[in-house]
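Colleague: quick one, what's the 3D model for this:
(2 chains)
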2 protein chains.
Amino acid sequence: MPSQPAPDFVLANALMPDGRRGAIGIAQGRIVEIAATPRPGVPGIDLAGDLVMPGFVDGHMHLDKTLVGLGWMPHQAKPDRMSRIETDKRIWPTLNLSVAARAANLIELCIAHGTTQIRTHVDVDTEGKLSQLHGVLEARERYRDRVSIEIVAFPQSGVMRRPGTLDLLDAAVADGADLVGGIDPLEIDRDPAGQLSGIFAIAERRGIGLDIHLHEPGELGLFNVHEICRRTEASGLGGKVTISHGFCLGMVADAKADDAASRMARAGVSLVTHGGASAAIPPLLKLRAAGVEVFAGNDDVRDTWSPYGSGDMLERAMLIGWRSDFRRDDQLALAFDLVSAAGARALGLGPHGIAVGAPADLSVAAASGVPEAVVAHPPRKWVMKRGRIVARGGSTLARPEAPVGLA
Amino acid sequence: MPSQPAPDFVLANALMPDGRRGAIGIAQGRIVEIAATPRPGVPGIDLAGDLVMPGFVDGHMHLDKTLVGLGWMPHQAKPDRMSRIETDKRIWPTLNLSVAARAANLIELCIAHGTTQIRTHVDVDTEGKLSQLHGVLEARERYRDRVSIEIVAFPQSGVMRRPGTLDLLDAAVADGADLVGGIDPLEIDRDPAGQLSGIFAIAERRGIGLDIHLHEPGELGLFNVHEICRRTEASGLGGKVTISHGFCLGMVADAKADDAASRMARAGVSLVTHGGASAAIPPLLKLRAAGVEVFAGNDDVRDTWSPYGSGDMLERAMLIGWRSDFRRDDQLALAFDLVSAAGARALGLGPHGIAVGAPADLSVAAASGVPEAVVAHPPRKWVMKRGRIVARGGSTLARPEAPVGLA
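Modeller: Got it, this is the predicted structure:
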């Protein structure tokens, strides 16, 4: 551990996720000291036993699709993925808020709930081209002091069935996207070799990671899990590749899920889940036990695909735990890990948590500990990003503020 | 429609579940008038467009099991039903709050969220005998002006494997329970003929209904669905029999679920669901389409069986909708129906809803309509039971108050 500067601000009487109570010293946007009592003379606030939680990592969003900030809009698509893709094309031009404005509205919801890092997919296709990306880039820039955002160039409409998409994905990375995406190489493109070769080639050439949507059921999806693992190993991209959803892992025979879990762990392919909703939920305990990095994201929030969602990753932890039959405290702590530290590990963010050396990205709520925080997801009193206050009382601040006057 | 008295109180500028806006006139604890504008001279409050929702019906609770009001208690049982049953016996004597006090704490949570009617199961067995029942009866009496409570005498530990239980169930009904319960006649008792004959005999003799927990999977559960339907018809108890959970209906082949749905509709057997959690969720649309009365309940709320739950039936509607892939407005309206009018129909409560002649059981929240209320489950500003205010700002009142000063 490198030597730390002296704290210039302290959160006293904090309850920490591991159950300790004490004072959290902050300097230069990082946690620099954890002690039983605050250093005398250092300014700070008394948390009176409130729980301090590390910044939440929302590992799967669609900032460009949200309708947050518009009035209620009934869901218009038919109950299949292709109808949703086509309905987007019809609805989006009619909205009277820009992509950047809608994304901003959802970003504010996320920050207010304690999210300090987002990975968002952004549609890139031969119709909209890079317009959605540019809107989200604009929003990212606007909120850069309040939340960190990583962008996946997402070929929502398919890759091989829309010639020109690979060039657009590459152009999206050149314009600021951080990862390249993919989607259902069999169901959408009917050409897994084509899609996966194409997107892995971009990732290799650009030296970036991949995050691939895999909704495909059962054995169909499992085929692509193995294809993705094989290509991850062959390309040396281990640790930088994520499968989003992976419902198939919850639909196949136990022995096959075991085998896929080992394969993913060996290849360094992570899994992000939103809890499955009406689809199967992957066997999270099995995947974690095998060494797969499993993390969580809200996915659609009040958008053209789904009316559900609040932007709250702590509520997401509850949903995932409820779906996964997590009842014990160690299981609820795992659900909490999925929405915080696991996301940080999967995204390669470095130190994360209420620990010396980690960034002072955190939020505060009234809860007796992590298990209660998960099941009750109580309101966040305030949220801190890099040592500065970015939300208070459920509202995101217009600019980060020094942490004073919070008591 | 019988002629109605003139309103002596009016909720003006109300948004109603069907989308109308207008004034809701109340007299003698009932809704007596719905008009575009309030009658001049009648006292009232201006809702400024807030949504008025009918009282929620929580059709499946376990008031005697809750730990609400105690500090956080980690879940202690192993992940099987028998361990949970046995763990209860160990934990309950150690609690420093009575059954009545714990039940009261949960009842207050329910009322504060707009629930005006509860059906609760209460454990009756050869160990605790009627002690849990007496605690819940005490709580019911205490809250009788604020919420209506129906009690099912529930043989949690089994019927045939615990000789003497049938007599206790009968005694529970004599002491104030409204229905007789049952549980997994195959898995728990290994004697479906014995258990079902026994509990149906009590119901017939007492002229009351039945509500039977059925967690049994697949074909095992389906066997008992058909047994329950057959006995319901034979005993003339159609319309008074409920299956709780019925996970099996979501686990069998489509044709068998179709057949069971028709059978249940014909026999007058309803189904109550909490959304399935980690188990299968029954096919709610299919059941409703077949004519089965499907309604909803929170089930365990922060108790020895599950750490989850808030007491909020609107959040429950969200969970059920999320699990059932309800995205369209008509589907979200169905989720809302499950937690309100459907429960009233299943429980035989008579008129229910925002309609002339219905009791003035309602709650108010800021929402653009029923679909948004379901997905967002916004806080209830206040709750009314029989025309009087019973909760305000998330807190249940110590006694019902006249509806003044709410604006």
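
Colleague: for the rest of this, base every contact and every neighbour count on C-alpha atoms.
Modeller: Noted.

Colleague: residues of the stretch 1-150 of chain A that sit close to chain B?
Modeller: A:G71, A:W72, A:P74, A:H75, A:Q76 (Cα under 8 Å from any Cα of the partner chain).

Colleague: let's see 10 Å
Modeller: Residues of the stretch 1-150 of chain A lying near chain B by Cα under 10 Å from any Cα of the partner chain: A:G71, A:W72, A:M73, A:P74, A:H75, A:Q76, A:A77, A:K78, A:P79.

Colleague: and the closest residue to the fourth one other than its chain neighbours, what does it touch?
Modeller: Sequence neighbours aside, B:D329 is the residue nearest to A:P74 in space, at 5.7 Å (criterion: Cα to Cα, 6 or more residues apart in numbering or on different chains). Applying Cα atoms under 10 Å, 6 or more residues apart in numbering or on different chains, we find B:D329 in contact with A:M73, A:P74, A:H75, A:Q76, A:P307, B:A335, B:G369, B:V370, B:P371, B:E372, B:V374.

Colleague: how many neighbours does the second one have?
Modeller: Which is A:P74. 17 (other Cα atoms under 10 Å in any protein chain shown).

Colleague: which one is whichever residue of the stretch 301-407 of chain A sits closest to chain B nearest to, not counting chain neighbours?
Modeller: In the stretch 301-407 of chain A, the residue that lies nearest chain B is A:R323 (4.4 Å; Cα to the nearest Cα). Nearest-residue entry for A:R323: B:S278, 4.4 Å, with adjacent residues in sequence omitted and distances by Cα to Cα, 6+ apart.

Colleague: so what's that neighbour up against?
Modeller: A:A280, A:I281, A:I320, A:G321, A:W322, A:R323, A:S324, A:D325, A:F326.

Colleague: picking up where we left off before, and the residue of the stretch 301-407 of chain A closest to chain B, how many residues sit next to it?
Modeller: Residues near A:R323, counting by other Cα under 10 Å: 20.

Colleague: what are the phi and psi values at the spatially most central residue of chain A?
Modeller: Closest residue to the average C-alpha location of chain A: A:G59 at 1.4 Å, with Cα atoms, centre = their mean. Note on A:G59: its backbone torsions stand at phi -90, psi 0 [degrees, to the nearest 10].

Colleague: can you tell me how far the residue nearest to A:P74 sits from A:P307?
Modeller: 9 Å (Cα to Cα, to the nearest Å).

Colleague: what are the ranges of the strands in the stretch 251-400 of chain A?
Modeller: Taking DSSP state E, counting those that start in this stretch, the strands of the stretch 251-400 of chain A run over residues A:269-273, A:294-296, A:362-365, A:382-385, A:388-392, A:395-401.

Colleague: can you redo these as a markdown table with mean pLDDT?
Modeller: Output for the strands of the stretch 251-400 of chain A, formatted as a markdown table (pLDDT from 0 to 100):
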| stretch | mean pLDDT |
| --- | --- |
| strand A:269-273 | 98 |
| strand A:294-296 | 98 |
| strand A:362-365 | 98 |
| strand A:382-385 | 98 |
| strand A:388-392 | 97 |
| strand A:395-401 | 97 |
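
Colleague: now those strands in TSV, with distance to chain B?
Modeller: Below are the strands of the stretch 251-400 of chain A laid out as TSV (distance: least, Cα to the nearest Cα, whole Å):
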stretch	distance to chain B
strand A:269-273	15
strand A:294-296	17
strand A:362-365	15
strand A:382-385	20
strand A:388-392	19
strand A:395-401	16
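
Colleague: pLDDT value on the residue nearest to A:R323, please?
Modeller: Looking at B:S278, its pLDDT stands at 91.
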